[in-house]
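just need the structure, nothing else, for what follows:
(one chain, ligands or ions: 1)
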Amino acid sequence: MSRSPILPDRPTLDLDPELTPEERLAALTSHYRDIVDVQRELETQLDHIEEQRENLREQVDRLQRENETLKTASLYLATVEDLFDDGEAVIKQHGNNQEVLTEVGQEMYESLGMGDRVAINDSFAIQEVLDDETDARAQAMEVDASPDITYEDIGGLESEMREVQEAVEDPLNHPEKFEAVGVDPPSGVLLHGPPGTGKTMLAKAVANHTDATFIKMAGSELVRKFIGEGSRLVRDLFELAEQREPAIIFIDEIDAVASKRTDSKTSGDAEVQRTMMQLLSEMDGFDERGEVRIMAATNRFDMLDRAILRPGRFDRLIEVPEPDNEARAEILRIHTEEMTLAEEIDYEALARETEGLNGAQLQSLTTEAGMFAIRDDRATVTMDDFRSAREKLIEDANSDTPAYTTYIH
Ligand SMILES: Nc1ncnc2c1ncn2[C@@H]1O[C@H](COP(=O)(O)OP(=O)(O)OP(=O)(O)O)[C@@H](O)[C@H]1O
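So this is what the prediction gives:
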């Protein structure tokens, strides 16, 4: 780095009173020139300083970026095995079971207990104390011994329901049929299609009709920020399914863990890859698992890594489309079953008027129509209420409420 600038000497003027006017003029002219020279020198130095300032600014930016990268660098999971009075702890890293003695800052030391799960960095320094492991799993998985959704609750999707029955329900309820013919049922069933069209409902309904425990894991939950955590959750998921068989594993938003490989080499991507590899290896060892079926859903079929679609993995694809006229009428019928409706209600007309809405939006529409009746102090819901509800949904869409923006034109 350059040193501080050396300021030029300030020019001085010492006029002798004895000087003639000509001599005085010459002295003043010379003094003026000195001043101009100094000014030039100062200007050069100023340019130089500006340049230095620019360099320093760039340096600060670079350091800030490095700092950010360090802060977001991957952390590893470990368990506190032992705590000593002198502010040291023995931690055991998950995955490789390496035990390390590490120093702990005063503040961190006070919040630590034996057996705590912690996140550590590359130098084994504890960065964070984590929730209880069981909490983390409970948050990530939804376990429902008998979901109450039935096929009757699903509007439209007749052929999709039949496919799901064939691929998931029959192998669980009548494994002997498959044995008799000598074919293996599909390993995994992937439901794909736009959001809010009933994919989760299909998976729950099939669990209901088979007495299987429904175990749902959101793909986004599998993309954990700590190394080894995602793959550990995948292992836990399959273990739990085995303990609870018959069971249906349902991985929603599977694209979060099984997207096409990106070229970027960030540690986050590497961690997602590891989680996907764990998922693939669990699926490959699937045959021995008995009465466990696996289903997954995605809105981003185009993004999926083809590796998960190979035979023995998700080898049955079922597209779940947006509802057509007939399906919309049926969905509206299902969701208004418990509502007090005016006799004038014409489902076919409503279906035509709600073109572009998916199942989830149609459900909101019925609730919203009910709200209009309540606001008007009526117990009966009319066609006008449904129309006002539709207007409101459009208004919400136009005010950038994301859920409806893409559907109402
Ligand atoms: N075909 C349908 N019949 C009846 N209700 C439906 C249907 N599709 C969606 N719904 C309603 O929308 C809600 C959300 O549906 P569901 O969670 O099954 O959609 P999804 O396709 O899994 O959506 P996402 O991809 O956003 O997870 C359901 O609880 C239900 O109320």
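
roughly how far apart are residue 345 and residue 92?
Going from residue 345 to residue 92 by C-beta to C-beta, to the nearest Å gives 64 Å. Where you see a C-beta, it was placed from the backbone N, CA and C, and this is true even at glycine.

more crowded one of the two?
Set side by side, residue 345 and residue 92 show more neighbours around residue 345, with 19 against 15, by other C-beta atoms under 10 Å.

who's in contact with the more buried one?
336, 381-383, 386 (C-beta atoms under 8 Å, 6 or more residues apart in numbering).

and residue 199, by the same measure?
For residue 199, the contact set (C-beta under 8 Å, 6+ apart) comprises 191-193, 252, 297, 320.

where in the stretch 301-409 of the chain is pLDDT low?
Applying pLDDT under 70 to the stretch 301-409 of the chain flags the ranges 400-409.

got the residues of it near the ligand?
331, 334, 359-360, 363 (C-beta under 6 Å from any ligand atom).

let's go with 5 Å and repeat that
Within the stretch 301-409 of the chain, the residues that sit near the ligand (C-beta under 5 Å from any ligand atom) are 331, 359-360, 363.

next step: the contacts of residue 199 restricted to strands.
Taking DSSP state E, the ones among these that sit in strands are 191-192, 252, 297.

which pair of the residues you listed spans the longest distance?
192 and 252 (11.8 Å; C-beta to C-beta).

identify the contacts common to these two.
Contacts common to residue 192 and residue 252, judged by C-beta under 8 Å, 6+ apart, are 199, 297.

the stretch 251-400 of the chain: strands as residue ranges?
292-298, 314-319 (DSSP state E, counting those that start in this stretch).

paired strands for the shortest one, with orientation please.
The sheet places strand 314-319 alongside strand 188-192 (parallel), with pairing taken from DSSP bridges.

and the angle from the partner strand to strand 292-298?
Orientation note: strand 188-192 sits at an angle of 20 degrees relative to strand 292-298 (axes from the mean of the first three to the mean of the last three C-alpha atoms, to 10 degrees).

related to what we said a few turns ago, quick one: which of the contacts of residue 345 has the most company?
Using other C-beta under 10 Å as the neighbour criterion, residue 386 leads the contacts of residue 345 with 26 neighbours.

with adjacent residues omitted, what lies nearest to that one?
residue 369 (4.5 Å; C-beta to C-beta, 6 or more residues apart in numbering).

could you check how far that neighbour is from the ligand?
From residue 369 across to the ligand, the span is 15 Å (C-beta to the nearest ligand atom, to the nearest Å).

before we move on, what about residue 17?
Where the ligand is concerned, residue 17 sits at a distance of 96 Å (C-beta to the nearest ligand atom).

and the residue nearest to the spatial centre of the chain, which of the three is it?
In the chain, the residue lying closest to the centroid (C-alpha atoms, centre = their mean) is residue 220, at 4.5 Å. What DSSP: H, G, I helix; E, B strand; the rest coil gives for residue 220 is helix.

quick one: it from the ligand, how far?
11 Å.

what's around the closest residue in space to that residue that isn't next to it in sequence, how many residues?
Nearest residue to residue 220, sequence neighbours excluded (C-beta to C-beta, 6+ apart): residue 256, at 4.9 Å. Residues near residue 256, counting by other C-beta under 10 Å, number 21.

surely residue 217 is within a strand?
Yes. With three-state DSSP as the criterion, residue 217 is located in a strand.

so what pairs up with residue 319 in the strands?
residue 192.

got a list of what it touches?
Counting by C-beta under 8 Å, 6+ apart, residue 319 makes contact with 160, 191-193.

who wins for most neighbours among those residues?
residue 191 (27 neighbours).

correct me, but it touches residue 295?
Yes. Assessed by C-beta atoms under 8 Å, residue 191 is found in contact with residue 295 at 6.7 Å.

touching both of the two, which residues are there?
By C-beta under 8 Å, 6+ apart, the residues touching both residue 191 and residue 295 are 164, 203.

quick check: the residue of the stretch 251-400 of the chain nearest the ligand.
Closest to the ligand within the stretch 251-400 of the chain is residue 359: 2.1 Å, counting by C-beta to the nearest ligand atom.

list the residues that contact that residue.
155, 196-198, 201, 323, 331.

what about these, which one has the most neighbours?
Counting neighbours by other C-beta under 10 Å, residue 331 leads the contacts of residue 359 with 30 neighbours.
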